[in-house]
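J.: Return atomic coordinates for the entry below.
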Amino acid sequence: MSSSHIIIVAVGSLGDLHPYLAIGKELKRRGHQITFVTISHYQKKVERAGLNFALTRPDFSPNDKETLQLVNDRFRGGEWVFRKFVIPHIRDSYEDLNRACENADLLISHPITQAAPIVAAKRKMPWISTVLSPISFFSCYDPPVMPALPFLRGWHLGPKFYHHFFNLIRSIMNRWCEPVYQLRESLGLERGRNPILEGQHSPDLVLAWYSSLLGEPQIDWPKQTVMTGFIFYEEENQSMTQQKELETFLAQGEAPIVFTLGSSRVHTPGIFFEESLVAAQQLGLRAIILAGEQANALRATWHFSSFYITDYLPHSKIFPHAKIIVHQCGIGTTAQALLAGKPMLAVPQAHDQPDNAYRLEKLGVAKVLPHHQYRRKKVIKKLECLIKHYLSFLKQSTAAQKQILSENGTQTTCDQVEAYLRRKKQNI
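T.: Numbering: from 1, shown residues only. A predicted model of the protein is given here:
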């Protein structure tokens, strides 16, 4: 098809950013012009992917520890994301994105880019929204595990309860979103639906960027939703020295346990790494620890041949060599762990992580230990359970891997994008 100028706007952790970079690269390969709108912290990463960069405010650092302590709070983390970092800056975000959309043909948005629906409405431009995990749909028929109230899921309260419960949540969030409603009114737009909940979804096309393994479509999803499967992307930033060290370690013994906290929680790990190392030592297990900036300090204390401690390794390079993967259940890490086909110990804390963890446990590929309960005795007990029933967990993990491999989220998404553009151009 003819070339189009496509704007992609995304913010958050690397797990948020990477799927959009993958889509941008593939759409560029198909001949489209791509402008990627995000924070300055990711500018070099966007440009290395061969995409045009445009800045959006608020221009924060995703590695700032004070920020991460707030947004990773298991009770109020989601609230702080919107009330402190997104909603107060909605006018700035709108101005930046509106400027980037000048002469553009299509806007593709991340779930927490609340300026996107406003720009699309004001410009009357084609818009595709995306979701990265099931929690974004707030389905009454497949209700998410709420980080502050994880016990609710076990009570089987039914759609009627969740309809009223989500209406209560919506009324609270409406108060948070008043600056968004005020901006829309000042631009001559209708108030619109709640921008955090149903208002994040495009009326034309919603792409669910995860596998149906985590949740089948529900009757209260937007009717215009298409499930694509996961979208994978990782840069090749592993040094030759690191690669040789890893190969040597892997060749020296049995498959290790891999401990990781992804790209954001690794900056505020608490006692996660120390408890992990003690648990692995007491169980006599080999381990790989992806410890970020704590790697040097941990290596100085835990200089054992059975442990390989490093700052970072691409998950796609290390997960396939693991016996068990212990991770925080961010959706990007979850996708890579499923792709590797390995049993998991899920250690969720906030946002979508508890819900993702529940879905992995239901799938039969993981045991769950909430982050605030992560202590060596409980870690040992969970790992012992995974090892004792390893063949059963591995069977389920291998079956999940087979389905993940059969999906091609990048191709499906880009096909959907181009079909949508053709429909829009035919209707002009």
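
J.: Give me the buried stretch members for stretch 418-426, please.
T.: With burial defined by 16 or more other Cβ atoms under 10 Å, the residues of stretch 418-426 counted as buried are Glu418, Tyr420, Leu421. From N, CA and C alone the C-beta is placed, and that goes for glycine too.

J.: Give me the secondary structure label for the second one.
T.: It refers to Tyr420. Assigned by DSSP: H, G, I helix; E, B strand; the rest coil, the conformation of Tyr420 is helix.

J.: Mind giving me the packing neighbours of the least confident helix or strand in the chain by mean pLDDT?
T.: Every helix and strand of the chain was ranked by mean pLDDT, DSSP states H and E. The lowest is helix 65-71, at a mean of 79. Applying 3 or more Cβ pairs under 8 Å, 6 or more residues apart in numbering; DSSP states H and E, one finds that helix 65-71 contacts helix 77-80.

J.: I'd guess Leu207 is in a strand, am I close?
T.: Yes: the assignment for Leu207 by three-state DSSP puts it in a strand.

J.: which other residues reach the least confident helix or strand of the chain?
T.: Helix 65-71 has contacts (Cβ atoms under 8 Å, 6 or more residues apart in numbering) with 60-62, 77, 80-81, 84-85, 264-265, 267-268, 350-351.

J.: For Cys140, pull up the helix or strand it's in.
T.: Element membership for Cys140 (DSSP states H and E) is empty, with no helix or strand holding it.

J.: Asp59 versus Val37, what's the distance?
T.: Counting by Cβ to Cβ, to the nearest Å, the separation of Val37 from Asp59 is 12 Å.

J.: do you know how far the closest residue in space to Ser129 that isn't next to it in sequence is from Arg123?
T.: Using Cβ to Cβ, 6 or more residues apart in numbering and skipping the chain neighbours, the partner closest in space to Ser129 is Ser202 (4.0 Å). In this view, Ser202 and Arg123 are 14 Å apart by Cβ to Cβ.

J.: Compare the two and say which one has the larger neighbour count.
T.: A direct count of neighbours by other Cβ atoms under 10 Å for Ser202 and Arg123 places Ser202 higher, at 22 against 14.

J.: got any ranges where this protein has weak pLDDT?
T.: For the chain, residues meeting the criterion pLDDT under 70 lie at 236-238, 428.

J.: tell me the centre residue of it?
T.: For the chain, the residue sitting closest to the mean C-alpha position, by Cα atoms, centre = their mean, is Ile331 at 3.7 Å.

J.: if we can go back for a sec, only the buried subset of the contacts of helix 65-71, as a ChimeraX command please.
T.: Listed next is the ChimeraX selection for buried residues among these, using 16+ other Cβ under 10 Å:
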select :60,62,77,80,81,85,264,265,267,268,350,351
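
J.: Looking at the contacts of helix 65-71, spot the one nearest Gly158.
T.: Minimum distance to Gly158 across these is 24.7 Å, recorded for His351 (Cβ to Cβ).

J.: Confirm for me that the closest one is in contact with Ala148.
T.: No: using Cβ atoms under 8 Å, His351 is not in contact with Ala148; the gap is 11.1 Å.

J.: Look up how far Lys28 lies from Gly332.
T.: Distance, Gly332 to Lys28, by Cβ to Cβ: 21 Å.

J.: Tell me, how many residues neighbour Ile7?
T.: By the measure other Cβ under 10 Å, the count of residues near Ile7 is 27.
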